[in-house]
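Asks: Here is my input; please provide its structure:
(2 chains)
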Amino acid sequence: MMANASPSSLTVEKAAALLGRRARWRWAEVLFWVVAAATLFLWPERHLILNEIAIIGLFAVSLDLILGYAGIVSLGHAAFFGLGAYVAGLFAKHVTGDPLVGLAAAGLVAGILGFATSFLVLRGADLTRLMVTLGVALVLGELANQMSWLTGGADGLQGIMMGPVLGLFEFDIFGTVAYAYSLSVLFGLFVVARMIVNSPFGLSLRSIRDNPLRARGIGIPVNRRLVAIYTVAAVYAGIAGGLLAQTTQFVSLDVLAFHRSADVMLVLVIGGVGYLYGGLVGAVIFKVLQDVLSAMTPQYWQFWIGLILVLLVLAGRERMTDRILGLWRRLTGRSAKAVDATRASTPVPEVQP
Amino acid sequence: MLRRTFVGIVSAAAVTAALGGTALAQEALKIGLILPMTGPFASTGRQIEAAVKLYMQQNGDTVAGKKIQLIVKDDTGVADVTKRLAQELIVNDKIAVMAGFGLTPLALAPAPLATQAKVPEVVMAAATSTITEASPFIVRTSFTLPQATVPMAEWASKEGLKKVVTLVSDYGPGIDAEKAFTGAFTSKGGTVENLRVPLANPDFSPFLQKVADAKPDALFVFVPSGVGAQFMKQFVERGLDKAGIKLIGPGDVTDDDILNGMGDVALGAITTQHYSASHDSPENKAFVEAFKKANGGMRPNFMAVGGYDGMHLIYEGLKKTNGAGGQALIDAMKGLSWTSPRGPVSIDPQTRDIVQNIYVRKVERKDGELYNVEFATIPNVKDPVKAAKAN
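Replies: Predicted coordinates for the structure are as follows:
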């Protein structure tokens, strides 16, 4: 790489310090996970929907890895989610009921598909990518429909029996083990994703997102980086799908449906793109809104959710977390400058020698 | 280790809450109604919800001294949401019965829960034959597709039709209909040619051209009810009606909810089904009138009657058992019989599926509106798939 061609020790140190600073855990993040863990004990009657939130959150993190960090727009991310769900379901049915092994299989198979299709995504710009990703999801959806001897077709995949997690915890009807399991997997994979985006690799992805030509110019192997992150994202989505199959012990064709891809995009837009917590915050807001509104008015809740989404976008395009943080600062009387400094979205400052 | 203990404590607490909750639930009996209220199958949900509410309005909300509380949930037609909602209703709301279920996968997803929690699942719409086999706690008040299709084949062969082309939407129920019709019709000595159209993007013209070339006596069609209008239009545009090809099929294509909007192109279509809004009985006249009055003139269709009868089944079951729990309730439902707006019906004690008359109907104009007018009755039809298995 050109930056390494003539490194002054100062540059390398500065860059390392910058990356180190970005990788440090902030108190708000710690608080987020403490609260998440606390819901496990404090809110037992809502574990089923919390489980769904954790799964959609993981799915959104996966999309964020390619959309927010590498700038690959996708309308077919459900392809990997659905594939993971079917693999996990079939694996439990025909091989072993052990959840973690099944999850690994789901991630692996989705990753292979991600690697294979990443070369399609490399070709063309945004619009082409939308079409290609959409096409892959449609092809998979139709395959699952036609291969009803394997997938159960339109009736869904029946009779999945899961073993206990780690051989200790049986899935219960209250969804407690399911939620604890999904949350643990989410946390583990989130930490890995956080390490990825804060590594030099993650930094190079962002430069590709902002200016692919320039990135290529300074010696970043653009295509290889995109293939790598697309594959990683596919693994993540596959695991999210696997979690859904294992915790609901049922897979139907709509895991591959277009609305899955659209919903996860929506979740990410609500929470904020290019910021791993965006997917998680978005998942919480989206699901809670949907749950509350549809309980109040089962027939017209989509109207209200649509209205709220429009208002959210009109009110400001910055991230949900920034808005809350900004409000907090204003309340505590700190300057707006401090907000900017802590923004994770701050463009990477150029490192001057 | 600490985490394990905590999870243990939480589960234990939840179990206690569940057990303690039953004492309170004695006061009000809760019925969870899970339906697709939004999305492409919203009309199913709307019809059933309206019928269920009508039944409660007509028969009061107190059964055997207990108040009935209805909880309506929208599953948007997505199976894992149905399952989660059912689970929440069982765990948090301690429902006595769950009901609704607009599509086959939506009815199958919560089946293991019904077995595990011993909560009866009353299927008011989904029509794939296998559903009631998924759990001993499932009972159905709609119909099965073969139940409506096999009589069609028998009628067609009795009418002297020899050659039929089938055209179905390429998904579970469509293939079920195709198989049921082909099997029954060929066993009577007829010949059948099968065509399948994609579910997602139905342009029927190339398929109808094939039909025109084959020159059959009749075209058997099954498409989900919303697509029916479009199909009818293209059928007439291609001039197939004038070529002397009869249009036959199960009643989904001439769904009462949208039939009147199809216009004259639908005239003369012959279908078999268990319910028509023009069914001639005092029970049905009262039902249709009350339903229209309560819903701004909306005509009830076969979904609505499934919801109405489902609610009747729940009420009668609760009366018989006095709230003795899920197992007793499902046992009480087996073998119940009553006069529904669609005619006499009963619940088969072996299969927990509905036994009912199937009517042969023709679309005609009546009082300025289009109706499926019944002209022949095949009494007490059981689901042929399960009947064949039993023999």
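Asks: avg pLDDT for the helix or strand hosting residue B:81?
Replies: For residue B:81, the enclosing helix or strand under DSSP states H and E is helix B:79-91. Model confidence over helix B:79-91, given as mean pLDDT, is 90.
Asks: For that helix, which helices and strands make contact with it?
Replies: For helix B:79-91, the packing partners by 3 or more C-beta pairs under 8 Å, 6 or more residues apart in numbering or on different chains; DSSP states H and E come out as helix A:47-67, helix A:222-248, strand B:28-35, strand B:66-74, strand B:97-100, helix B:104-108, helix B:111-117. Any C-beta I mention is one placed from the backbone N, CA and C, and that applies to glycine too.
Asks: 6 Å instead?
Replies: On a contact count with 3 or more C-beta pairs under 6 Å, 6 or more residues apart in numbering or on different chains; DSSP states H and E, helix B:79-91 meets helix A:47-67, strand B:28-35, helix B:104-108, helix B:111-117.
Asks: which residues touch the residue in the stretch 101-250 of chain A positioned nearest to chain B?
Replies: Closest approach between the stretch 101-250 of chain A and chain B, counting by C-beta to the nearest C-beta: residue A:154, at 3.5 Å. Contacts for residue A:154 (C-beta atoms under 6 Å, 6 or more residues apart in numbering or on different chains) come out as B:171-172.
Asks: Send me stretch B:332-351 as CSV with only the CA atoms.
Replies: This file holds the C-alpha atoms of stretch B:332-351, laid out as CSV (Å, rounded to 0.1, in the frame of the first residue of the first chain):
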residue,chain,number,x,y,z
ALA,B,332,-66.6,-31.4,23.5
MET,B,333,-66.2,-29.9,20.1
LYS,B,334,-65.8,-33.3,18.4
GLY,B,335,-69.1,-34.5,16.9
LEU,B,336,-71.0,-31.2,17.5
SER,B,337,-73.5,-30.5,14.8
TRP,B,338,-75.6,-27.5,14.1
THR,B,339,-77.4,-25.6,11.3
SER,B,340,-75.1,-22.9,9.9
PRO,B,341,-75.9,-20.2,7.4
ARG,B,342,-74.3,-22.6,4.9
GLY,B,343,-76.6,-25.5,5.8
PRO,B,344,-76.2,-28.4,8.2
VAL,B,345,-72.7,-29.0,9.4
SER,B,346,-70.9,-31.2,11.9
ILE,B,347,-67.4,-31.8,13.3
ASP,B,348,-66.0,-35.2,12.3
PRO,B,349,-65.0,-36.7,15.7
GLN,B,350,-62.1,-38.7,14.0
THR,B,351,-60.5,-36.0,11.9
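Asks: Could you tell me how many residues sit around the residue in the stretch 151-300 of chain B that chain A sits nearest to?
Replies: Relative to chain A, the nearest point of the stretch 151-300 of chain B is residue B:172 (3.5 Å; C-beta to the nearest C-beta). Neighbour count for residue B:172, taken as other C-beta atoms under 10 Å in any protein chain shown: 24.
Asks: And the helices in the stretch 151-300 of chain A?
Replies: Ranges of helices within the stretch 151-300 of chain A are A:176-197, A:200-210, A:212-217, A:222-248, A:258-271, A:276-296, based on DSSP state H, counting those that start in this stretch.
Asks: how many neighbours does the residue nearest to residue B:361 when sequence neighbours are not counted have?
Replies: In this structure, residue B:361 finds its nearest non-sequential neighbour in residue B:372, 3.9 Å apart by C-beta to C-beta, 6 or more residues apart in numbering or on different chains. Per other C-beta under 10 Å, the neighbour tally for residue B:372 reads 29.
Asks: what's the answer for the one 4 residues further on, then?
Replies: Counted with other C-beta under 10 Å, the burial measure for residue B:376 works out to 14 neighbours.
Asks: That one belongs to a strand?
Replies: Yes. The assignment for residue B:376 by DSSP: H, G, I helix; E, B strand; the rest coil puts it in a strand.
Asks: how far away is it from residue B:159?
Replies: As judged by C-beta to C-beta, to the nearest Å, residue B:376 and residue B:159 stand 10 Å apart.
Asks: again with residue A:87
Replies: Residue A:87 sits at a distance of 50 Å from residue B:159 (criterion: C-beta to C-beta).
Asks: More neighbours: those two, which one.
Replies: Each of residue A:87 and residue B:159 has its neighbours counted (other C-beta under 10 Å); residue A:87 has more, 24 against 13.
Asks: Show the pLDDT at that one.
Replies: The per-residue pLDDT reported for residue A:87 equals 95.
Asks: what sits against it?
Replies: With contacts defined as C-beta under 6 Å, 6+ apart, residue A:87 is in contact with A:105-106, A:109.
Asks: Okay, now the unreliable bits of the chain?
Replies: Unless you meant another one, I'm taking chain A. Chain A contains residues with pLDDT under 70 at A:1-10, A:316-325, A:327-328, A:331-353.
Asks: my question was about chain B
Replies: Applying pLDDT under 70 to chain B flags the ranges B:1-27, B:200-201, B:225-226, B:323, B:391.
Asks: Which secondary structure element is home to the residue lying closest to residue A:299 once chain neighbours are set aside?
Replies: Take residue A:299 and drop its neighbours on the chain: the residue closest to it by C-beta to C-beta, 6+ apart is residue B:37, 4.9 Å away. Here residue B:37 is covered by no helix or strand, with elements defined by DSSP H and E.
Asks: In a strand, residue B:289, correct?
Replies: No. Assessed with three-state DSSP, residue B:289 is helix; it does not lie in a strand.
Asks: Give me whichever of the helices of the stretch 151-300 of chain A is most buried.
Replies: Ranked by mean neighbour count, the helices of the stretch 151-300 of chain A are led by helix A:222-248 with a mean of 26 (mean count of other C-beta atoms under 10 Å in any protein chain shown).
Asks: on that earlier part again, check the secondary structure at the residue nearest to residue B:361 for me.
Replies: Reduced to three states with three-state DSSP, the structure at residue B:372 is strand.
Asks: who's it bridged to?
Replies: Beta-bridge partners for residue B:372, by DSSP bridges, are residue B:363.
Asks: quick one, what contacts it?
Replies: With contact set as C-beta under 6 Å, 6+ apart, residue B:372 has these partners: B:254, B:276, B:361, B:363.
Asks: Next, the first one: phi, psi?
Replies: Its backbone dihedrals place residue B:254 at phi -110, psi 40, with angles given as degrees, to the nearest 10.
Asks: Tally up the residues packed near it, please.
Replies: Neighbours of residue B:254 (other C-beta under 10 Å): 29.
Asks: Is it in contact with residue B:270, as I believe?
Replies: No. Residue B:254 is not in contact with residue B:270 according to C-beta atoms under 6 Å; the separation is 9.3 Å.
Asks: pretty sure residue B:266 contacts residue B:364?
Replies: No. Residue B:266 is not in contact with residue B:364 according to C-beta under 6 Å; the separation is 9.8 Å.
Asks: Residue B:89 versus the residue nearest to residue A:299, what's the distance?
Replies: Distance, residue B:37 to residue B:89, using C-beta to C-beta: 15 Å.
Asks: now swap in residue B:74 and tell me
Replies: To residue B:89, residue B:74 is 13 Å away according to C-beta to C-beta.
Asks: Show me which of these two is the more surrounded one.
Replies: For residue B:74 versus residue B:89, neighbours defined as other C-beta under 10 Å are more numerous around residue B:74 (27 against 24).
Asks: And the chain, what are its domain boundaries?
Replies: Answering for chain A, as no chain was given. Annotated domains of chain A cover A:45-284, A:297-345 [automatic domain parsing].
Asks: hmm, I had chain B in mind actually
Replies: Following automatic domain parsing, one gets these domains for chain B: B:2-143+B:282-352, B:146-273+B:358-390.
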